[in-house]
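[1] Task: produce atomic coordinates for the following.
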Amino acid sequence: MRVLVDTSIWADFLNDAPTPGAERLARLIEDEVEIVTCGVVIAEVFQGIRRSSTLPALERQFRDMDCLTPREPDSYLAAARLYRDLRAAGITVRSTIDCLMVTLAEEHGVLLLFRDRDLERILGSGKTKARAIPAA
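    Numbers count the residues shown, from 1 in each chain. Purely as a prediction, here's the structure:
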């Protein structure tokens, strides 16, 4: 099993927030489940780092993860199509990044771990084959 972890979960985990998602990530790491990432998650996580003393170790951990890469331009076109399909179904998402993450998860056959209402809407829409792993 491979799991793409959303920024919302990383923020809780790195800030020691006692949330179901952070606890689930801790269990996955403890169980040596393969945690993967992608470029936009890396950018978002590192934008929010407040303690520079943790940067080198955290950078090493993220560099060691498999980084899902989009297929240019196909992944971006698929993410845009997903966004349009959602809008046509009356579902408005606030983030292109969420559509791209779902597209990457589907293309790479990984599960998503998240705490994000837009990702919840996208996965619940029936417009994607991507799947989530329960946070609790």
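
[2] Please point out which parts of the longest helix anywhere in the chain sit buried.
    Looking across the chain with DSSP state H, the single longest helix is helix 74-88. Neighbour counts over helix 74-88 (16 or more other Cβ atoms under 10 Å) mark S75, A78, A79, L82, Y83, D85, L86 as buried. The way it works is simple: take the backbone N, C-alpha and C, and place the C-beta from them, glycine included.

[3] A17: how many residues sit nearby?
    13 (other Cβ atoms under 10 Å).

[4] ugh, typo on my part, it should be G124
    11.

[5] do you know how far it is from S53?
    Per Cβ to Cβ, to the nearest Å, G124 is found 40 Å from S53.

[6] right, and the secondary structure at the residue of the chain most remote from its centre would be what?
    Relative to the C-alpha centroid of the chain, counting by Cα atoms, centre = their mean, S53 is the outermost residue, at 24.6 Å. Each residue gets one of three states, and S53 gets helix by DSSP: H, G, I helix; E, B strand; the rest coil.

[7] What's the separation between it and R24?
    Counting by Cβ to Cβ, the separation of S53 from R24 is 26 Å.

[8] likewise A88?
    33 Å.

[9] count of neighbours near the nearest residue to E120 once chain neighbours are set aside?
    Of all residues not flanking E120 in the chain, F114 sits nearest, at 7.6 Å (Cβ to Cβ, 6 or more residues apart in numbering). Neighbourhood size, F114 [other Cβ under 10 Å]: 24.

[10] One more: I29?
    Around I29 there are 14 residues (other Cβ under 10 Å).
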